[in-house]
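A.B. asks: Model the following, please.
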Amino acid sequence: MLDVGKDDEKIRWEILSNRSVMFLLELEIQGGRMIEVEKVAECDQSRQGRIGNRPFWVLTLSIVIRAVHQVGAAVFLASFLLDEIGSPPALYFAIVVISGGALMVTEGMRHRQFYRESSGVSIFIKLIVLGAAYHGLLPGTATVVLITFFMASISSHMPKFIRHRLLY
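C.D. replies: Residues are numbered from 1 along each chain as shown. I've put the predicted structure just below:
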């Protein structure tokens, strides 16, 4: 990945070395030559889960499924936060469950060990907490659901080398 700065003299560049360590380097152009200014980060990718091939059409479909899932999840969350809605509408609950299952299948096609990765573990924690909140087993249900959605948002937007790191 090459990211050229505003003045085109500083460049941030990711280099994959031996497929196990990723270096993020800051390079500077001096006299037509690039020189390393600073090693910004080093990420160990050897603890990543197995990655399989996924057809492009599955990727495209998963993007549409994710958008549908977000709409259903927004109404599901709103049903806990707004008294006017009451309980989660059955249609949106079905949308969340079906699209969430479809997302797990499409993600499982690409990341074969997602249940061992931090992203998969956070999905299972989210499901357990939301299930307990839905059935009224937790006090302060609206707050718990909101915190769970916040946690899910953070875990799904973490950098790839953290999101897909094997935990066990």
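
A.B. asks: okay, the helix or strand hosting T143 in CSV with CA atoms only?
C.D. replies: Taking DSSP states H and E as the criterion, T143 maps to helix 141-156. Taking Å, rounded to 0.1, in the frame of the first residue of the first chain, the C-alpha atoms of helix 141-156 are listed here in CSV:
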residue,chain,number,x,y,z
THR,A,141,-31.1,-3.7,29.2
ALA,A,142,-31.0,-0.6,27.0
THR,A,143,-27.6,0.4,28.2
VAL,A,144,-26.2,-3.2,27.9
VAL,A,145,-27.5,-3.4,24.3
LEU,A,146,-26.0,0.0,23.4
ILE,A,147,-22.6,-1.0,24.9
THR,A,148,-22.8,-4.3,23.0
PHE,A,149,-23.4,-2.5,19.8
PHE,A,150,-20.5,-0.1,20.6
MET,A,151,-18.2,-3.1,21.3
ALA,A,152,-19.3,-4.8,18.0
SER,A,153,-18.6,-1.7,16.0
ILE,A,154,-15.1,-1.4,17.5
SER,A,155,-14.3,-5.1,16.9
SER,A,156,-15.5,-5.0,13.3
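
A.B. asks: Point out the other helices and strands that it packs with.
C.D. replies: If you count contacts as 3 or more CB pairs under 8 Å, 6 or more residues apart in numbering; DSSP states H and E, helix 141-156 packs onto helix 56-81, helix 118-134. For every residue, glycine as well, the C-beta is placed using N, CA and C.

A.B. asks: Can you point out the buried residues in the first one?
C.D. replies: Buried residues in helix 56-81, defined by neighbour count with 16 or more other CB atoms under 10 Å: 62, 65-66, 69, 72-73, 75-77, 79-80.

A.B. asks: distance of the closest residue to F149 other than its chain neighbours from G49?
C.D. replies: Nearest residue to F149, sequence neighbours excluded (CB to CB, 6 or more residues apart in numbering): L77, at 5.4 Å. Computed with CB to CB, to the nearest Å, the distance linking L77 and G49 is 29 Å.

A.B. asks: before we move on, back to that, thought the residue nearest to F149 was touching V144?
C.D. replies: No. Applying CB atoms under 8 Å as the test, L77 and V144 come out as separate, 11.4 Å apart.

A.B. asks: if we can go back for a sec, mind putting the helices and strands packed on helix 141-156 in CSV, distance to L167 and mean pLDDT included?
C.D. replies: Below are those laid out as CSV (distance: least, CB to CB, whole Å; pLDDT from 0 to 100):
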stretch, distance to L167, mean pLDDT
helix 56-81, 23, 92
helix 118-134, 6, 89
